[in-house]
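Engineer: compute the structure for the input listed below.
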Amino acid sequence: MKKILHPAKTRGTANFGWLEARYSFSFANFFNPERTQFGKLRVLNDDTVAGGMGFGKHPHKNMEIITIPQEGALKHRDSMGNEGIIESGDIQIMSAGSGVEHSEMNASSKEPVKLFQIWVFPEEENVTPRYAQKKIAPLLNKNTFSNVVKPKNKAHKDELWIHQQAYFSIGEFTETTHTAYILNNKTHGIYLMVLKGTIEIDSEILNERDAIGIWETTQVSIKANEGSKALLIEVPMN
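Structural biologist: I've put the predicted structure just below:
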């Protein structure tokens, strides 16, 4: 088993007035040659957007983009004709594929919106762009890690999927729980970020926004303390 720790305080930072951002991997003006990606996981940005502000119309190509609001709501619009609100408790998938333009604006003129935006390299380029959105709560079981996004070839009807052999899981723990995550492929790794509370994994104690990457193993033992919540992303490492 190999591992790499990314304490919250080591993330890149940016403050543009309307946007406060924390970057787990090199992005924009933050560059760390040792933190350009984790396997096929390229971006994990922890953003706070001021009221009335947001990301205006801009293009993407050949990237799987996952957006998870934590507080507040975003107003989405894209060149595929999709338009609507993404609220805290939702998860949005956008396959940029051959090319798409979109905007993500704070739906409130006063209150900030807090969100994670995550990019994963696709396993196939120039696919037809697509969009999907779901409520997270119905997908979760308490006190375990529940899968919320999976690869296209593993997804059943109405499940969220992306063009990569990647799996997104969320764990919410109302009581102290010992659990294990079994990887879907021995060549994969997991990147786990604590969203709330404290989690112990491979003898490492992680607090809010701390993260760890683990690979070259088939199973990871996790102790999640009462009141904790975590995002776990399994991706191919090459």
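Engineer: CA only for contacts and neighbour counts going forward, please
Structural biologist: Will do.
Engineer: residue 71 pairs with what?
Structural biologist: Residues found in beta-bridge contact with residue 71 (criterion: DSSP bridges) are residue 114.
Engineer: how near is it to residue 36?
Structural biologist: Remark: distance between residue 71 and residue 36 (C-alpha to C-alpha, to the nearest Å) = 27 Å.
Engineer: before we move on, what about residue 1?
Structural biologist: From residue 1 to residue 36 the distance is 21 Å (C-alpha to C-alpha).
Engineer: report pLDDT for residue 153.
Structural biologist: Residue-level confidence at residue 153 comes out at 95, pLDDT.
Engineer: looking at residue 1 and residue 36, which is more packed in?
Structural biologist: Just comparing residue 1 and residue 36: by other C-alpha atoms under 10 Å the higher neighbour count belongs to residue 36, 16 against 11.
Engineer: surely that one and residue 25 touch.
Structural biologist: Yes - Residue 36 is within contact range of residue 25, at 5.3 Å (criterion: C-alpha atoms under 8 Å).
Engineer: need the residues touching each of the two.
Structural biologist: Residues touching both residue 36 and residue 25 by C-alpha atoms under 8 Å, 6 or more residues apart in numbering: residue 42.
Engineer: neighbours around residue 28, how many?
Structural biologist: Applying other C-alpha under 10 Å, we find 10 other residues in the vicinity of residue 28.
Engineer: distance of it relative to residue 12?
Structural biologist: Distance check for residue 28 against residue 12: by C-alpha to C-alpha, it reads 10 Å.
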